[in-house]
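# No letters, just coordinates:
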């Protein structure tokens, strides 16, 4: 009876191991166009009334440098700039929370420590006669905690961040940035 | 009887786990032919750069940040972060005089994506932006 229970538990453990470690499946909607994708595209894009794609790319690179990004990759033929920066990810609220929990319970709580922000900026001729250049930018970040473990990976979707970026880009291009 | 089935299942699952991690270098779940039929489609166009730009736009629509692109080689790689890390590479190369072949392969965290459904979804999104039908390649 007892051995039976142990055997069953062992079986369950192996099954769980199989499910967790060896059958790690991609979420069903990972490559599915979401209903929000159009809205997100609008927030992340602006067009400029010019045919000069290289000028837009170079103005974009300058804005990214203004924001402290370092360029990782670029491909002018396809209108692409990839940049990143590593920065502090400490947030006061989290740290205060951790200190309170440590004081009350005597346990150590890990907090966010460091982040890597990545950005890709893509230009594309658009309009009926290719008379415009559309710029689309997307941000994402990796966050490491105070133990040095990767604690979070996420896309950055705040519309204000994108709006602020395009305000800066418009100044850099000396052209009106139009909403698509 | 139930216990026997249970034991067989458990052993089968363990067998799916690896004993030598170096085997991962050349490991795939499916055959080369099966993988290609899942991961590639043909399009009736010869405009490689426009196709690459459409691939980039589609990947952005799907939430990817582009990592790199090469117009000469015809390749685009990107990463999607959403609590998980999904990395995908898409290549575009000519097929005969009138077509291009678009090939995608993805890894989800530490696993290769070898199910047909995610690729069907990707090509469905791509053909919508291409205004061309994604054709199965045999």
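Good, I have the coordinates. Please read these numbers as outputs of a predicted model, since none were measured by experiment. Numbers count the residues shown, from 1 in each chain, chains lettered A, B, ... in the order given.
# Okay, buried residues for stretch A:78-87 please.
A:78-84 (16 or more other C-beta atoms under 10 Å in any protein chain shown). To be clear about C-beta, it is placed using only N, CA and C from the backbone, and glycine gets the same treatment.
# In strands only, show me those residues.
A:80-84 (DSSP state E).
# Within reach of chain B, which of those residues are there?
A:80, A:82 (C-beta under 8 Å from any C-beta of the partner chain).
# quick one: low-confidence ranges for chain A?
Within chain A, the stretches with pLDDT under 70 are A:1-23, A:175-177.
# what about the spatially most central residue of it, which SS state?
The structure's chain A has its C-alpha centroid closest to residue A:140; by C-alpha atoms, centre = their mean the separation is 1.0 Å. When classified by DSSP: H, G, I helix; E, B strand; the rest coil, residue A:140 comes out as strand.
# Next: residue A:99.
Going by three-state DSSP: residue A:99 is helix.
# Provide a list of residues in contact with it.
With contacts defined as C-beta atoms under 8 Å, 6 or more residues apart in numbering or on different chains, residue A:99 has no neighbours.
# which element is residue 87 on?
All of this is about chain A. For residue A:87, the enclosing helix or strand under DSSP states H and E is strand A:80-88.
# could you do chain B instead?
Counting by DSSP H and E, residue B:87 is found in strand B:85-95.
# Distance from that strand to the middle of the chain?
7 Å (C-alpha atoms, centre = their mean, to the nearest Å).
# right, and out of the ones in strands among the buried residues of stretch A:78-87, which lies closest to chain B?
Using C-beta to the nearest C-beta, residue A:80 comes nearest to chain B of these, at 4.9 Å.
# roughly how far apart are that closest one and residue A:119?
Going from residue A:80 to residue A:119 by C-beta to C-beta, to the nearest Å gives 11 Å.
# what about the helices in chain A?
A:2-17, A:37-44, A:53-66, A:92-105, A:159-173 (DSSP state H).
# and the shortest one, which residues are buried?
Within helix A:37-44, the residues that qualify as buried by neighbour count (16+ other C-beta under 10 Å) are A:37, A:40-41, A:43-44.
# Same question for the strand holding residue B:87: list its buried residues.
In strand B:85-95, counting by 16+ other C-beta under 10 Å, buried: B:85-88, B:90-92.
# tell me which of the residues you listed is nearest to residue A:159?
For the buried residues of strand B:85-95, the minimum distance to residue A:159 (C-beta to C-beta) is 23.4 Å, reached by residue B:86.
# partners of the closest one in the sheet?
residue B:80, residue B:108 (DSSP bridges).
# Please tell me how far the residue nearest to the spatial centre of chain B sits from chain A.
With distances taken as C-alpha atoms, centre = their mean, residue B:105 lies nearest the centre of chain B, 2.6 Å away. For residue B:105, the distance to chain A equals 12 Å [C-beta to the nearest C-beta, to the nearest Å].
# That residue: which element?
Judged by DSSP H and E, residue B:105 forms part of strand B:99-108.
# Wait, residue B:53 touches residue A:75, no?
No - with contacts counted by C-beta atoms under 8 Å, residue B:53 stays clear of residue A:75, the gap being 10.6 Å.
# and residue A:115, bridged to which residues?
Beta bridges link residue A:115 to residue A:87, residue A:143, judged by DSSP bridges.
# And residue B:136, by the same measure?
Under the criterion used (DSSP bridges), residue B:136 bridges to residue B:41.
# pretty sure it is touching residue B:41, no?
Yes - Residue B:136 lies in contact with residue B:41 (C-beta under 8 Å); the separation is 6.7 Å.
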